[in-house]
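**Q** sequence-free structure coming up:
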């Protein structure tokens, strides 16, 4: 073997090691990216669930506080009505007492009532005084009840304001997570994400067109003839193959795609697995189950 042939063999061995290292680096980067995306998606799902639970708890507490406020307000109105009634009774009794007292004085002055009658009038006055004292005590008790009701209403309003503040903070946090999901092109609707975790229905279609997503050809987009009406959502994976009648009597597996955009009758996916000996083109077939 000539020196030039030996030199070519050495270069071939060196290039083999270089390509092996490059392939290992690309595989490691792809695995690390997928693990990181799965971790962030899991955090997002956990945060959405936690926020939903907080909102449900806040709604329950808010409903309970509103019921308490309604009950306290009703008690306050009842107590206020009782107070008004007591005040009217007190005024009537005071007026009656003044009338009786005036009549007693006039009667004693004009007709010289007997000592026994005067004693009876005095006892009646004492009884009326006891009644007045009881009415005054009831009035003070009603005022105290009203004061306590006002304090309770004030405390409940403060709790309601705090719950409103927590509610707004929760809404802002949800909005922030939605912006993060949109910026990273994650699934925006949790319902769609949940459906994407379920196995897709068994359907078959064909490729409408396939083209590179950028000038470097590092990502390839594939449009297919299936969509939402066929039970597909974003995140579902489909297999692509070329049937025997289109490949000289031999079927050929071409890879798999993951859907990134779904309409009622169409869908677009990116190639996530590509066969070494074939390229996805128009009229190739797609299916959810080989």
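**A** Received, thanks. For clarity, every value in this text was computed on a predicted model and none was experimentally measured.

**Q** tell me the contacts of the closest residue to residue 152 other than its chain neighbours?
**A** Leaving aside its chain neighbours, residue 152 sits nearest to residue 72 (5.2 Å; criterion: C-beta to C-beta, 6 or more residues apart in numbering). The C-beta positions use only the backbone N, C-alpha and C, and glycine is treated the same way. Each residue near residue 72 by C-beta atoms under 8 Å, 6 or more residues apart in numbering is listed here: 149, 152, 153, 156.

**Q** mind putting these in CSV, pLDDT, secondary structure and neighbour count included?
**A** Formatted as CSV, those follow (pLDDT from 0 to 100; DSSP: H, G, I helix; E, B strand; the rest coil; neighbours: other C-beta atoms under 10 Å):
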residue, pLDDT, secondary structure, neighbour count
149, 87, helix, 19
152, 88, helix, 17
153, 90, helix, 16
156, 89, helix, 17
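
**Q** quick check: the residue nearest to residue 152 is in a helix.
**A** Yes - assessed with DSSP: H, G, I helix; E, B strand; the rest coil, residue 72 lies in a helix.

**Q** ok, now how distant is it from residue 27?
**A** 67 Å (C-beta to C-beta, to the nearest Å).

**Q** could you do residue 64 as well?
**A** For residue 64, the distance to residue 27 - C-beta to C-beta - is 56 Å.

**Q** so the residue nearest to the spatial centre of the chain: helix, strand or coil?
**A** Nearest residue to the geometric centre of the chain (C-alpha atoms, centre = their mean): residue 52, 3.6 Å. Following three-state DSSP, residue 52 is assigned to helix.

**Q** give me the pLDDT value at it.
**A** Confidence at residue 52, expressed as pLDDT, is 80.

**Q** cool, residue 110 as well?
**A** At residue 110, the model reports a pLDDT of 65.

**Q** likewise residue 281?
**A** At residue 281, pLDDT is 92.

**Q** low-confidence ranges in the chain?
**A** 1, 4, 26, 29-34, 36-37, 108-114, 175, 177-197, 215-218 (pLDDT under 70).
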